[in-house]
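Participant: Got a predicted structure plus its sequence, pasted below:
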Amino acid sequence: MLAVMNPEARVRYLQARARVQSEANYVALLRKEMDFEVAFVKAGGLLLAGPDPTGNGGIVAGFVITARLSYWSKRASHRSKQSRSRA
């Protein structure tokens, strides 16, 4: 991921990562995030594979989501072709 960042973004990312507390209660934070996602979906929201599972902002915007959408698009296309060939 560092390779796709410009130098300024790379420095900011590494500085932010250095500030993360190693003793943070990640289990409680993960549970809170999961509860939020359940509530979001129950309210009608649509979740996609998220690009920032760390919660510390250490991502390249759109980097993961583009790969996930591409994967699912190819998979759907493949299934569509299989369905047509069976008909």
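Facilitator: Looks like it came in fine.

Participant: Provide a list of residue ranges in the protein with pLDDT below threshold.
Facilitator: Residue ranges of the chain with pLDDT under 70: 22-23, 49-68, 78-87.

Participant: Okay, strands next: where are they in this protein?
Facilitator: Remark: no strands are assigned in the chain by DSSP state E.

Participant: all helices of it, in order?
Facilitator: Under the criterion DSSP state H, the chain contains helices at 7-19, 26-42, 63-86.

Participant: Send over the second one as PDB, restricted to the C-alpha atoms.
Facilitator: Taking C-alpha atoms only, helix 26-42 is exported to PDB below (Å, rounded to 0.1, in the frame of the first residue of the first chain):
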ATOM      1  CA  TYR A  26      -9.600  -3.500  20.000                       C
ATOM      2  CA  VAL A  27     -12.000  -6.200  21.000                       C
ATOM      3  CA  ALA A  28     -14.500  -3.600  22.500                       C
ATOM      4  CA  LEU A  29     -13.900  -1.300  19.500                       C
ATOM      5  CA  LEU A  30     -14.600  -4.100  17.000                       C
ATOM      6  CA  ARG A  31     -17.800  -5.100  18.800                       C
ATOM      7  CA  LYS A  32     -19.000  -1.500  18.700                       C
ATOM      8  CA  GLU A  33     -18.200  -1.300  15.000                       C
ATOM      9  CA  MET A  34     -20.000  -4.600  14.300                       C
ATOM     10  CA  ASP A  35     -23.100  -3.400  16.300                       C
ATOM     11  CA  PHE A  36     -23.100  -0.200  14.300                       C
ATOM     12  CA  GLU A  37     -23.000  -2.100  11.000                       C
ATOM     13  CA  VAL A  38     -25.900  -4.400  12.100                       C
ATOM     14  CA  ALA A  39     -28.000  -1.300  13.000                       C
ATOM     15  CA  PHE A  40     -27.000   0.400   9.700                       C
ATOM     16  CA  VAL A  41     -28.300  -2.600   7.700                       C
ATOM     17  CA  LYS A  42     -31.500  -2.900   9.700                       C
END
